[in-house]
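[1] Sequence first, predicted model second:
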Amino acid sequence: MPTRRRATNIRHRSKPDPFAKSVGARVRALRVEKEWSFDAFVEETGLGRGYISELERGLVVPSLTALAKLAAALDVTVADLVLGDTARGRLYEATRSLPEGDVAVILKKAEDLAGDRTSKK
């Protein structure tokens with residue numbers, strides 16, 4: 001009987017995946033911003049040391065479950081972790097630390113702008 005080859009694990013890479021590298025860099029930046037040591041962060045997330053190390057280097061594509069654990073430990077949303085360098089991403093990053101009242105003002109303005117555009121069509 002022929003032996004079966006195990007499927008290679010496509011989550012772990014030898015070269016960084018561009019998306020995974022972006023997510024990993026954001027996780028690391030947020031971890032450092034929150035002043036978490038690497039070991040304390042590993043313990044808080046419940047994920048392995050090797051996994052976090054590979055994640056921060058972009059060598060592992062995180063699952064949704066892993067993203068949820070990372071976001072909870074960093075006190076952010078999963079969206080915070082996966083946003084790219086777009087105008088929407090930069091807006092989200094700029095408003096992330098604002099008080100809710102300020103965010104409500106910005107949201108109202110955005111809704112007004114969106115309403116103006118749809119009414120002109």
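    All right, it came through fine. Every value quoted in this text rests on a predicted model; they were computed, and no experiment measured them.

[2] what's around residue 105, how many residues?
    Look at residue 105: counted by other CB atoms under 10 Å, it has 12 neighbours. Bear in mind the C-beta positions are built from the backbone N, C-alpha and C, glycine included.

[3] Using the three-state scheme, assign it.
    The three-state assignment at residue 105 reads helix, by DSSP: H, G, I helix; E, B strand; the rest coil.

[4] what about the residue nearest the centre of the chain, which helix or strand?
    Taking CA atoms, centre = their mean, the centroid of the chain lies closest to residue 81, which sits 1.3 Å from it. Element membership for residue 81 (DSSP states H and E) is helix 78-82.

[5] Does anything pack onto that helix? Which helices or strands?
    Contacts defined by 3 or more CB pairs under 8 Å, 6 or more residues apart in numbering; DSSP states H and E place helix 78-82 against helix 18-33, helix 64-74.

[6] buried ones in stretch 14-29?
    For stretch 14-29, the buried set under the neighbour-count rule, 16 or more other CB atoms under 10 Å, comprises 16, 17, 20, 21, 22, 23, 24, 26, 27, 28.
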